[in-house]
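Chemist: Predicted model and sequence below, questions to follow.
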Amino acid sequence: MRSPSFSSWPPPLLLLLLLHPWQVCAQAPSLATSSGVSGAPDCPEACACAPGGQANCSALALSAVPAGLSRRVRALLLDHNRLGSLPPGAFADADALLRLDLRENELRWVHARAFWGLGALQRLDLSANRLEALAPGTFGPLRALRTLSLAGNRLARLEPAALGALPLLRALSLQDNALSALSPGLLAGLPALDALRLRGNPWTCDCALRPLCTWLRRHPRPASEAETPVCVSPGRLARSPLAAFPDAAFRHCARPLSPRDLAMIYLLGPASFLASLVACLALGSALTACRARRRRRQRTAAHRPPRRSLDLDPGGPASPANAGSPAEAGLGRPLEVLFQ
């Protein structure tokens with residue numbers, strides 16, 4: 001082993017060498033070892049740090065992100081630990097991170113703001129964990145991300161809002177999950193993507209898989225049979241490679257609406273609804289007015305007295321109706337007879 005040179009020793013050590021040469025020479029190896037980078041203040045406690053800003057915290061049975069991270073840490077290795085969750089701002093102090101390795105932990109939950117502040121991060125490995133879902137905006141702050149691995153989790157659905165727009169992402173690993181399809185629009189937010197690993201998922205080859213099949217045809221890559229994603233259902237398409245489906249196979253599927261059609265729907269929909277509402281109100285008002293007018297006429301007719309028929313011949317015979325009335329029968333009798 002090569003002994004440390006005198007030029008690398010600090011000035012206080014040289015002064016002690018002049019005063020006590022034999023004692024200092026005996027203690028020089030231990031002093032040189034204690035001044036190594038593993039005990040530097042920029043290195044998290046219990047982690048081993050190396051030149052270049054790498055902090056190795058692997059396989060330490062850690063249940064939380066270690067404290068003591070700083071801007072000088074460029075690569076943080078936290079694989080093979082016991083991290084069950086990532087709280088908000090878990091890596092806020094290490095905003096200069098370029099690589100973050102979280103493989104083979106026990107992650108079940110990642111807060112939507114767990115990666116806030118990591119705008120320079122380029123490589124993120126979350127493989128071999130227990131993630132079942134990802135909150136919207138989880139990877140949104142990672143605008144410089146180039147490689148992302150979610151392999152070996154329990155993801156049954158991956159929403160576009162979880163990944164967000166990652167303009168520099170080139171490699172995405174989704175193998176060995178529970179995905180049966182990819183949500184529409186997920187691949188549209190990854191314009192630089194050219195490597196997509198999908199094997200080991202129960203893909204359902206129906207209309208929902210059309211965007212993925214189209215992407216695979218446009219990005220052909222030589223791969224072994226074990227790496228080729230295949231259909232699991234329906235049974236008649238089992239073991240069929242996803243990249244083998246032409247666009248003609250999806251002719252029976254309804255095509256998504258274009259932005260122009262969506263704009264027309266958003267514009268004409270509320271207008272037609274308001275027009276229908278106004279027409280219904282006008283028709284209802286007219287019907288109500290007609291019914292009210294008819295009721296007024298019926299009330300007027302019910303309170304009007306019946307018309308009397310006028311006898312135009314005063315000398316004519318009396319009508320039978322008037323002949324039998326007591327008043328007319330007693331007109332020719334004497335008054336005393338009437339009051340007896």
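Modeler: On my side now, so go ahead. Numbering: from 1, shown residues only.
Chemist: which regions of the stretch 51-200 of the chain sit below the pLDDT cut-off?
Modeler: Along the stretch 51-200 of the chain, segments meeting pLDDT under 70 are nowhere present.
Chemist: which stretches of it form helices?
Modeler: 160-163 (DSSP state H, counting those that start in this stretch).
Chemist: Which parts of it are strands?
Modeler: 54-56, 75-77, 85-86, 99-101, 109-110, 123-125, 147-149, 171-173, 195-197 (DSSP state E, counting those that start in this stretch).
Chemist: Return the distance of the third one from the chain's centre.
Modeler: For strand 85-86, the distance between its averaged C-alpha position and the chain's averaged C-alpha position is 19 Å (C-alpha atoms, centre = their mean, to the nearest Å).
Chemist: got it, and the last one?
Modeler: Distance of strand 195-197 from its chain centroid, counting by C-alpha atoms, centre = their mean, is 22 Å.
Chemist: what comes up buried for that strand?
Modeler: For strand 195-197, a neighbour-count test (16 or more other C-beta atoms under 10 Å) marks 196, 197 as buried. Every residue, glycine included, has its C-beta placed from N, CA and C.
Chemist: Next secondary structure after that strand?
Modeler: strand 203-204 (DSSP states H and E).
Chemist: So for the next helix or strand after that next one, what gets flagged as buried?
Modeler: Beyond strand 203-204 on the C-terminal side, the first helix or strand identified by DSSP H and E is helix 210-218. By 16+ other C-beta under 10 Å, the buried positions in helix 210-218 come out as 210, 211, 212, 213, 214, 215, 216.
Chemist: ok now helix 210-218, how far from the chain's centre?
Modeler: 22 Å.
Chemist: for stretch 240-256, same thing?
Modeler: On C-alpha atoms, centre = their mean, the centre of stretch 240-256 falls 26 Å from that of its chain.
Chemist: now what about it, what contacts it?
Modeler: Identification of contacts with stretch 240-256 by C-beta atoms under 8 Å, 6 or more residues apart in numbering yields 184, 198, 203, 205, 207, 209-210, 212-214, 216-217, 220, 228-231.
Chemist: So what's the model's average confidence on the top helix by length along the chain?
Modeler: Looking across the chain with DSSP state H, the single longest helix is helix 259-303. On average, the pLDDT along helix 259-303 is 80.
Chemist: Just give me how far it sits from the chain centre.
Modeler: 40 Å.
Chemist: tell me what that helix is packed against?
Modeler: Packing contacts for helix 259-303, counted by 3 or more C-beta pairs under 8 Å, 6 or more residues apart in numbering; DSSP states H and E, involve no helix or strand.
Chemist: Among the buried residues of helix 210-218, which one lies nearest to residue 119?
Modeler: Residue 119 lies nearest to residue 215 out of the buried residues of helix 210-218, by C-beta to C-beta, at 27.1 Å.
Chemist: Confirm for me that the closest one is in contact with residue 186.
Modeler: No: between residue 215 and residue 186 there is no contact under C-beta atoms under 8 Å: 9.7 Å.
Chemist: if I pick residue 104, what's in contact with it?
Modeler: Contacts of residue 104 (C-beta under 8 Å, 6+ apart): 79, 80, 127, 128, 129.
Chemist: Could you pull up the residues touching the first one?
Modeler: Read it as residue 79. 58, 59, 101, 102, 103, 104, 105, 125.
Chemist: how about the residues you listed, which pair is most distant?
Modeler: Once C-beta to C-beta is applied, the contacts of residue 79 give 59 and 125 as the farthest pair, at 15.0 Å.
Chemist: Those two - which one has more neighbours?
Modeler: residue 125 (21 against 12; other C-beta atoms under 10 Å).
Chemist: and the more buried one, what is it in contact with?
Modeler: Contact partners of residue 125, counting by C-beta under 8 Å, 6+ apart, are 79, 100, 101, 102, 103, 147, 149.
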